[in-house]
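S.K.: Just a sequence and a predicted model for now, questions to come.
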Amino acid sequence: MPSIQLKTPSASYEIVIASGLVKTLPARLKKLKAGKPFRTFLVTSPEIWGLWGKQVIAAFGKESPTVLFLPAGETHKRLRTLESLLEQMAAAGADRDALLVAFGGGVVGDVTGFLAAIYMRGVAYVQVPTTLLAQVDSSIGGKTGVNLAAGKNLVGSFHHPLAVLADTDLLNTLPAAELRAGLQESIKAGIIRDPKLFGYLENNADAVLGRDAKALTHVVAASVRVKADVVANDERESGLRMILNYGHTLGHAIEAATGYKQLLHGEAVGWGSIAATRLGLMRGMIGKDEADRIIRLILRYGPLRSFKATAARLVDLTSSDKKKRSGTLSFVLPAKIGEAVIVRDVTREEMLAVAEWTLELVREQGAAAKQKQKRK
Ligand SMILES: NC(=O)c1ccc[n+]([C@@H]2O[C@H](COP(=O)([O-])OP(=O)(O)OC[C@H]3O[C@@H](n4cnc5c(N)ncnc54)[C@H](O)[C@@H]3O)[C@@H](O)[C@H]2O)c1
Ligand SMILES: O=C(O)C(=O)C[C@@H](O)[C@H](O)[C@H](O)COP(=O)(O)O
Ligand SMILES: [Zn+2]
């Protein structure tokens, strides 16, 4: 059973990756609270509860948690959802002994983490990630928050969970498109920090996409190690942690430009990673062979859905990027497979050129997907 310890200046916790963890959830929560009294509030969405609620209830037996719901999807990662959950907590009599359990994907995890950060000025929570994306990335590292119309994750806080319990059985019900989108964050981890993970994803695509248990566990554990290592070295994103934002500068702009409802986060990150790779190539920072390998791998784990936007709009939307300081935007670019660098001198003209190039690829891929559909 892979178990990874994440230690930062403000927290230390275990990330467990294993089959069957849901069954042991109540015992694990008790152990985490070390004999102190607590009341469990489990936050999820109705769809996930419909699939897994019975198993959770069976595991808790007589000590059922209070279940709080938020609607599924990125469009609900908003302050109004948070307010409704805060009111539900108060109405249910939650006090500072409340222990929140985020039982869902990245949206449930980010919202629940923020809820835990601000309810009564802070209560404890545990992440039980149910999507591949949440298991490899979002449940780890303490970034919590919600979107504004102006941009992604513009309101939030750093608040670490007491533990991350990633039950790989939960992935059995995950739609294929969600699995593929989540794997884009694992590809990102390979590009920025782990050439072995990148090679594994290249050589084992059929097994990974076919949900071979050993292959998936390998990818989840390797991705978690990358994330935990980066966060341990720069908890508050003052430098190194920015590399986890590879592909997100344009990726977040694509999500905002499409109203947070056309593309999955992982798909937008896939397009954004392609753009960052192209920019690295344009600047002569990475060789053509390696850039081609990156783009090929991203598309292999696709299809990434197409979307419509103008290059100017996408570039304008990068102005709300949180990597921007004193008016200068930092960009994460590849130096080679397994190494990313942060650059601060990318011009608007360069961004426009790379956005145009990426939008052309989006059109090409969209047309190819339509042809494929017609032939079926
Ligand atoms: N905090 C971080 O460090 C961090 C990192 C990466 C991404 N994120 C955020 O995570 C979010 C994306 O997360 P996501 O991709 O998990 O999306 P998501 O949370 O919207 O979940 C995707 C869909 O899968 C469904 N689902 C969840 N678990 C399921 C299961 N086991 N079986 C069947 N269906 C299931 C959900 O109901 C939803 O419809 C974005 O908001 C992104 O900004 C945060
Ligand atoms: O944990 C991080 O740091 C990341 O950047 C991980 C990203 O995959 C994630 O999407 C994150 O939420 C983006 O953070 P943001 O600060 O750019 O909103
Ligand atoms: Zn992300």
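M.R.: Received, thanks. Ligands and ions are numbered 1, 2, ... in the order given.

S.K.: use CA for all of it now, contacts and neighbours both
M.R.: Will do.

S.K.: what about the helices in the stretch 101-250 of the chain?
M.R.: 106-118, 132-133, 176-193, 195-203, 205-209, 213-233, 248-257 (DSSP state H, counting those that start in this stretch).

S.K.: Spell out which parts of the stretch 101-250 of the chain neighbour ligand 1.
M.R.: Within the stretch 101-250 of the chain, the positions near ligand 1 by CA under 6 Å from any ligand atom are 104-108, 110, 130-131, 133-134, 137-138, 143-144, 170-171, 173-175, 182.

S.K.: Pull out the buried residues from these.
M.R.: Buried members of these, scored by 16 or more other CA atoms under 10 Å, are 104-108, 110, 130-131, 133-134, 137-138, 143-144, 170-171, 182.

S.K.: Chain neighbours aside, what residue packs nearest to residue 98?
M.R.: residue 39 (4.9 Å; CA to CA, 6 or more residues apart in numbering).

S.K.: Report the secondary structure state of residue 346.
M.R.: coil (DSSP: H, G, I helix; E, B strand; the rest coil).

S.K.: let me redo that: residue 16
M.R.: Strictly by three-state DSSP, residue 16 counts as strand.

S.K.: Residue 13 now?
M.R.: strand.

S.K.: Whatever residue of the stretch 201-350 of the chain ends up closest to ligand 1: how many residues sit nearby?
M.R.: The stretch 201-350 of the chain approaches ligand 1 most closely through residue 265 (5.3 Å), counting by CA to the nearest ligand atom. Using other CA atoms under 10 Å, residue 265 has 24 other residues around it.

S.K.: Could you give the separation of the helix or strand containing residue 52 from the chain centroid?
M.R.: Taking DSSP states H and E as the definition, one finds residue 52 inside helix 46-60. Offset of helix 46-60 from its chain centre (CA atoms, centre = their mean, to the nearest Å): 23 Å.

S.K.: That one - contacts with which helices or strands?
M.R.: helix 25-33 (3 or more CA pairs under 8 Å, 6 or more residues apart in numbering; DSSP states H and E).

S.K.: and if we set it to 10 Å?
M.R.: Here helix 46-60 touches helix 25-33, strand 39-44, strand 66-69, strand 98-104, going by 3 or more CA pairs under 10 Å, 6 or more residues apart in numbering; DSSP states H and E.

S.K.: Including mean pLDDT and distance to residue 194, could the ones you listed go into TSV?
M.R.: As requested, these are exported to TSV (pLDDT from 0 to 100; distance: least, CA to CA, whole Å):
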stretch	mean pLDDT	distance to residue 194
helix 25-33	96	31
strand 39-44	98	32
strand 66-69	98	37
strand 98-104	98	27
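
S.K.: Return the most buried member of those.
M.R.: Highest mean neighbour count among those (mean count of other CA atoms under 10 Å): strand 98-104, with a mean of 26.

S.K.: between that strand and helix 46-60, how big is the angle?
M.R.: 130 degrees (axes from the mean of the first three to the mean of the last three CA atoms, to 10 degrees).

S.K.: quick one: strands adjacent to strand 98-104?
M.R.: strand 39-44 (parallel), strand 124-129 (parallel) (DSSP bridges).

S.K.: Format the CA atom coordinates belonging to the last one as PDB.
M.R.: It refers to strand 124-129. The C-alpha trace of strand 124-129 is given here as PDB (Å, rounded to 0.1, in the frame of the first residue of the first chain):
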ATOM      1  CA  ALA A 124     -10.200  20.000  10.400                       C
ATOM      2  CA  TYR A 125     -10.900  18.000   7.200                       C
ATOM      3  CA  VAL A 126      -9.800  14.900   5.400                       C
ATOM      4  CA  GLN A 127      -9.600  14.400   1.700                       C
ATOM      5  CA  VAL A 128     -11.200  11.300   0.200                       C
ATOM      6  CA  PRO A 129     -10.600  12.000  -3.600                       C
END
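
S.K.: ok, and the closest non-adjacent residue to the residue nearest the centre of the chain?
M.R.: Closest to where the C-alpha atoms of the chain average out (CA atoms, centre = their mean) is residue 138, at 3.8 Å. Leaving aside its chain neighbours, residue 138 sits nearest to residue 106 (5.5 Å; criterion: CA to CA, 6+ apart).

S.K.: and the one you found, what is it in contact with?
M.R.: Applying CA atoms under 10 Å, 6 or more residues apart in numbering, we find residue 106 in contact with 73-74, 77, 112, 127, 129-135, 137-139, 144, 182, 265.

S.K.: Compute the number of surrounding residues for the closest residue to ligand 2 within the stretch 51-200 of the chain.
M.R.: Relative to ligand 2, the nearest point of the stretch 51-200 of the chain is residue 153 (4.6 Å; CA to the nearest ligand atom). By the measure other CA under 10 Å, the count of residues near residue 153 is 20.

S.K.: what pLDDT does it get?
M.R.: At residue 153, the pLDDT value in this model is 96.

S.K.: and the nearest residue to it once chain neighbours are set aside, what does it touch?
M.R.: Spatial nearest neighbour of residue 153, excluding adjacent residues (CA to CA, 6+ apart): residue 147 at 4.4 Å. Neighbour list for residue 147: 74-79, 111, 153-156, 256, 260 [criterion: CA under 10 Å, 6+ apart].

S.K.: is it possible to export these to JSON lines including distance to residue 120?
M.R.: As requested, these are exported to JSON lines (distance: CA to CA, whole Å):
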{"residue": "74", "distance to residue 120": "25"}
{"residue": "75", "distance to residue 120": "26"}
{"residue": "76", "distance to residue 120": "22"}
{"residue": "77", "distance to residue 120": "21"}
{"residue": "78", "distance to residue 120": "19"}
{"residue": "79", "distance to residue 120": "17"}
{"residue": "111", "distance to residue 120": "16"}
{"residue": "153", "distance to residue 120": "22"}
{"residue": "154", "distance to residue 120": "21"}
{"residue": "155", "distance to residue 120": "18"}
{"residue": "156", "distance to residue 120": "15"}
{"residue": "256", "distance to residue 120": "31"}
{"residue": "260", "distance to residue 120": "30"}
